[in-house]
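Novice: build the 3D model from these lines:
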Amino acid sequence: MTVATYSTNLADIYAGAGSISGWSALGGGASGLNAETDFFIQGTGCTSKNAFASTEKGMIYNNGSDAGGSGTDGAYLMWITHLTPNSVNTIAAGGISMVIGSGTGDYLEYYVGGRDTIEFGGWILAAVNEADPGDKTTGSPSATVESHFGALFDLPSGGPTKGAPNAVDAIRFGRCDIVILNGTGADPEATFDGIITNLETATNRYGLLVRKDGAYYNSGLLQFGSAGTAVEFSDANKTIFLRDHPHVTANFHTWEVQNASSVISLTSISAKALGTTSRGRWITTDDATVTLTSCSFIDWGTFEFDSNTTVDACTFLGCKQITPNGADMAGSSFLLSDVSADQAAVYETRSTAAETDLVEYTGCTFSQGPAAHHAIRFSSTVDENLTLTDCAFNGFDSTANANGSTFRFDATTGSLNLTLNNCTVDGSPASAANIGIDDAAGISVTVITGAVAVQATAALKDGTPVENARVYLKASNGTGPFPFEETVTITRSGTTATVSHTAHGMATNDKIVLEGITDKVEDNFKIFQITVLTANSYTYQTTASGSTSYTGTILSTFVALSGLTNASGILSTSRVYPTNQPIVGWTRKSTSTPFLQEGVLVGTVNSNTGFAGTAVMLADE
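Specialist: Prediction:
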């Protein structure tokens, strides 16, 4: 049980406090520098400068030595204000500049504000990474030395003729990070208000997270936890803006979760990036537990989640690519994504070793953004049958192998079925005609719509689910659309067995069971997954031994469901059934405790509603 802690690694260059020591005046007009105690943003004072119209004025501070740079993705921070905002030029014309250089006359200017951005004489938190080339150069600043820091104010005609409205307060540098730790156990979790209370005090106004008019303004890195210390952070109903800092790196604005034991819970948080240079990125490391519920991220950059992340009914509007890495994204919306052409709103990188129901995307909505991009891109390790349910796709290209096709597949070989259950395209039911597939990398993808679920549940008589029960459901007679004990011939080459089966009507990755083989009996009553060659043939994988031309009266039967039940006692799959298919089968559990007797399943897969059956299993010990 540890109380939450909040810290930053920022270092002071100039701490304010109303001093003119180390400062020199810049620009025309009176040189007047003031140890200002009438207005300031932190401590007891700042440094101000007299202002006169029709000139550029400012001040510069000599640190005495090279500060050494702000580090990776860091910045030099400076509080700057001009109390008569209408007297300065616009930001584009260099109204207010932060300057960094190697001498009082050798510096780069960075435009950070102007009469069109400063609010009612408010303080500006300027942030500059020294790698930025700046907007203007004075003198010959050294490219490797940052020892002088200050501000310039461009005052066109009609400006003030008296007073000292130009001012600089604290100057700092570093990663601009807020590190949040602990908050675990019975103590209150860490919160955004906890950051304000502990860091944004009158003594040290860092400016990394400030509250104004009910909203929060963030600059830099929010680090939840560290490699050695976890954090529990929980907050809700907050609006957060990532400030527009045009002279920082792309990764300056980052929210990062560290430590596998960290627990982050955000509910109804709205976070919007105000600029385009650093749009904000989310990184989850160490597979921490992260729960985002009904949150909105607007105009952000990229997101890297992990398998312990739940993103429930969140909205990503105008964002860059999201990589779930196993996160549950169900019910979320990926709208007007700002990814490049031929990329995707979501990049799915899992490895599939069997048919996969992508429940993590159930109920998701996708819409195309300004570039022709895909809704989901599947990496080269995704090469088995997939199912998506209740998804909506809007604005994507129905053309195959186009930059804006609905889906992109990177696998180079093989084939798979993409089953879309109750999905829509621009408000209409999804179909093979309106879903675009980019499988140009080499894999062959078949879109299946109108699929129904076939589900078996194994349970004890008191309703307790049975995990790891083996399920077997096959066609029970020849009245359905798929084979029942149909005569076939089989030849083998190596481990590939080729089945000649007239008008079998099945698809790649369907399953069959064989019987009647007399010279390769190990294939009898064994379930095989098939790869379709033609309407009259398919292959399956067997052992490279025995006859190469099977004998006997060989019969092939369609298998609707085969495998082990999950922790809820359920095994399910889905496919299109052109007409009703009678089925019969069982559930068994004889390989591990508790040992259970066979449970019978019998019924019909309805072509419109599917099949759901429960087998009651009795003890067999």
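Novice: now do the strands in the stretch 501-621 of the chain.
Specialist: 511-515, 527-529, 531-534, 537-541, 554-564, 570-575, 581-589, 596-605, 611-617 (DSSP state E, counting those that start in this stretch).
Novice: in the stretch 101-250 of the chain, which ranges drop under the pLDDT threshold?
Specialist: The model of the stretch 101-250 of the chain has pLDDT under 70 over residues 120-121, 158-159, 161.
Novice: still on that earlier bit, closest to Thr362 out of the strands of the stretch 501-621 of the chain?
Specialist: Set against Thr362 and scored by CB to CB, the strands of the stretch 501-621 of the chain come closest in strand 570-575, at 12.5 Å. Yep, even glycine has a C-beta here, placed from its N, CA and C like the rest.
Novice: quick one: list the elements packing against the closest one.
Specialist: strand 356-357, strand 415-421, strand 452-460, strand 554-564 (3 or more CB pairs under 8 Å, 6 or more residues apart in numbering; DSSP states H and E).
Novice: got the CA positions of that strand in CSV?
Specialist: Output in CSV follows, covering the C-alpha atoms of strand 570-575 (Å, rounded to 0.1, in the frame of the first residue of the first chain):
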residue,chain,number,x,y,z
ILE,A,570,-18.1,-24.0,-25.6
LEU,A,571,-16.7,-24.8,-29.1
SER,A,572,-18.1,-22.9,-32.1
THR,A,573,-17.3,-22.1,-35.7
SER,A,574,-19.2,-20.4,-38.6
ARG,A,575,-19.7,-20.8,-42.3
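Novice: stretch 252-268: which residues count as buried?
Specialist: Using 16 or more other CB atoms under 10 Å as the burial criterion, the residues of stretch 252-268 that qualify are 252-259, 262-266.
Novice: let me fix that, I meant to ask about stretch 555-566.
Specialist: Here stretch 555-566 shows 555-563, 565 as buried, counting by 16+ other CB under 10 Å.
Novice: equivalent analysis for stretch 387-400, please.
Specialist: 387-393, 395-398.
Novice: mind checking which of the buried residues of stretch 252-268 are in strands?
Specialist: Mapping the buried residues of stretch 252-268 onto strands (DSSP state E) picks out 254-257, 263-266.
Novice: does Ala250 lie in a helix or a strand, and which?
Specialist: Using DSSP states H and E, Ala250 falls within no helix or strand.
Novice: so what's the residue count around the residue nearest to it when sequence neighbours are not counted?
Specialist: In this structure, Ala250 finds its nearest non-sequential neighbour in Ser278, 5.6 Å apart by CB to CB, 6 or more residues apart in numbering. Residues lying near Ser278 (other CB atoms under 10 Å) number 27.
Novice: same deal with the one 4 residues further on?
Specialist: By other CB under 10 Å, 22 other residues sit near Trp282.
Novice: same thing with Pro429?
Specialist: Residues within reach of Pro429, counting by other CB under 10 Å, total 12.
Novice: ok, and the closest non-adjacent residue to it?
Specialist: Per CB to CB, 6+ apart, closest to Pro429 is Thr449, 7.0 Å.
Novice: phi, psi for that neighbour please.
Specialist: phi -120, psi 160 (degrees, to the nearest 10).
Novice: residues contacting it?
Specialist: By CB atoms under 8 Å, 6 or more residues apart in numbering, the residues touching Thr449 are 419-420, 423, 429-432, 435, 576.
Novice: how does it look with 10 Å?
Specialist: With contact taken as CB atoms under 10 Å, 6 or more residues apart in numbering, Thr449 is in contact with 418-423, 425, 429-435, 576.
Novice: now tabulate the ones in strands among the buried residues of stretch 252-268 in TSV and tack on distance to Gln541 and pLDDT.
Specialist: Shown next, in TSV, are those (distance: CB to CB, whole Å; pLDDT from 0 to 100):
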residue	distance to Gln541	pLDDT
Thr254	47	98
Trp255	47	98
Glu256	45	98
Val257	43	98
Val263	45	96
Ile264	45	97
Ser265	46	97
Leu266	47	98
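Novice: now the contacts of Thr449: which count as buried?
Specialist: Taking 16+ other CB under 10 Å as the criterion, what is buried in the contacts of Thr449 is 418-423, 425, 430, 434-435.
Novice: so where's the protein shaky on pLDDT?
Specialist: 1, 28-30, 53-54, 120-121, 158-159, 161, 621.
Novice: give me the outermost residue of it relative to its centroid.
Specialist: What lies farthest from the middle of the chain is Gly552; by CA atoms, centre = their mean that is 55.5 Å.
Novice: ok, that residue to Gly22 distance?
Specialist: Distance from Gly552 to Gly22, counting by CB to CB, to the nearest Å: 98 Å.
Novice: can you list contacts of whatever helix or strand Arg408 lives in?
Specialist: Here Arg408, judged by DSSP H and E, is contained in strand 407-409. Where contact means CB under 10 Å, 6+ apart, the residues beyond strand 407-409 that reach it are 342-344, 347-348, 373-380, 382-383, 386, 388, 393, 396, 401-402, 416, 418, 420, 435-445, 447.
Novice: chain center to stretch 251-267: distance?
Specialist: Relative to its parent chain, stretch 251-267 has a centroid offset of 12 Å by CA atoms, centre = their mean, to the nearest Å.
Novice: hey, C-alpha coordinates of that stretch in PDB?
Specialist: Taking Å, rounded to 0.1, in the frame of the first residue of the first chain, the C-alpha atoms of stretch 251-267 are listed here in PDB:
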ATOM      1  CA  ASN A 251       7.400  11.700 -30.200                       C
ATOM      2  CA  PHE A 252       7.500  14.600 -27.700                       C
ATOM      3  CA  HIS A 253       3.800  14.000 -26.800                       C
ATOM      4  CA  THR A 254       3.800  10.400 -25.500                       C
ATOM      5  CA  TRP A 255       1.600   8.500 -23.000                       C
ATOM      6  CA  GLU A 256       3.600   5.400 -21.900                       C
ATOM      7  CA  VAL A 257       2.600   2.500 -19.600                       C
ATOM      8  CA  GLN A 258       5.400   0.600 -18.000                       C
ATOM      9  CA  ASN A 259       5.700  -2.400 -15.600                       C
ATOM     10  CA  ALA A 260       3.600  -5.600 -16.000                       C
ATOM     11  CA  SER A 261       2.000  -4.900 -12.600                       C
ATOM     12  CA  SER A 262       0.700  -1.500 -13.400                       C
ATOM     13  CA  VAL A 263      -3.100  -1.000 -13.700                       C
ATOM     14  CA  ILE A 264      -4.500   1.800 -15.700                       C
ATOM     15  CA  SER A 265      -8.200   2.600 -15.900                       C
ATOM     16  CA  LEU A 266      -9.500   5.500 -17.900                       C
ATOM     17  CA  THR A 267     -13.200   6.100 -18.500                       C
END
